[in-house]
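Visitor: One predicted model, sequence on top.
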Amino acid sequence: MKNPPILVSVIGFFAALAGLAWIFLGLRVIGFDWFGVLGDVQAFEMASIWGWLAVGGGILWLAGALGLWAMQPWAWLLTIVVAGITLFEAFLWMIEFPGTGIGLGMSIMPLLIILYMNSASVKAAFGLTDPPPTM
């Protein structure tokens with residue numbers, strides 16, 4: 001098994017962190033109080049569907065992270081799709097809050113991820129194209 005490029009590993013690491021955060025949030029919304037560690041945090045009522053959706057999203061994030069680390073082509077596509085959705089969300093923030101720069105700030109990272117994931121060396125590492133010629 002070949003090692004992924006370092007930035008693919010970093011993207012996978014942050015996807016894994018997001019997955020764990022979503023799972024934690026989902027279980028908390030469902031009502032799990034982490035054995036009293038959170039103290040007197042108010043319990044949510046009638047929010048279990050959102051909790052289960054958050055748990056499911058967290059599991060998908062973790063699967064995506066594992067797919068990136070294993071150099072799976074579907075994980076490459078998932079990364080492009082998520083970055084594209086995030087770029088669209090940044091565009092919506094530009095429209096909603098013009099002149100603040102928040103939309104521009106939100107668009108930088110997904111744009112860099114899309115450009116990086118579409119580079120010839122990364123696509124070749126995922127087996128999507130022929131490897132670039134060596135000099």
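Guide: Alright, I've got the coordinates. Numbers count the residues shown, from 1 in each chain.

Visitor: can we go C-alpha only for contacts and neighbour counts from here?
Guide: Fine.

Visitor: Pop out the phi and psi values for residue 16.
Guide: Torsion angles at residue 16 (phi, psi; degrees, to the nearest 10) stand at phi -70, psi -40.

Visitor: Could you check how far it is from residue 10?
Guide: Using CA to CA, to the nearest Å, residue 16 is found at 10 Å from residue 10.

Visitor: how many neighbours does residue 83 have?
Guide: Residue 83 has 19 neighbours, counted by other CA atoms under 10 Å.

Visitor: Tell me how far residue 57 lies from residue 120.
Guide: Per CA to CA, residue 57 is found 30 Å from residue 120.

Visitor: The two: who's more crowded?
Guide: The neighbour count for residue 57 versus residue 120, taken as other CA under 10 Å, is higher for residue 57 (18 against 14).

Visitor: Please report how far the more buried one lies from residue 104.
Guide: For residue 57, the distance to residue 104 (CA to CA) stands at 26 Å.

Visitor: hang on, the earlier thing: and residue 16 and residue 10? which has more neighbours close in?
Guide: Using other CA under 10 Å as the criterion, residue 16 and residue 10 rank with residue 16 on top: 21 against 15.

Visitor: Please enumerate the helices of this structure.
Guide: Listed in chain order, the helices of the chain (DSSP state H) span 6-30, 48-69, 73-96, 102-117, 120-125.

Visitor: If we go by neighbour counts, what in the third one is buried?
Guide: So the one you mean is helix 73-96. When burial is assessed from 16 or more other CA atoms under 10 Å, helix 73-96 yields the following buried residues: 73, 75-76, 78-80, 83-84, 86-88, 90-91, 93-94.
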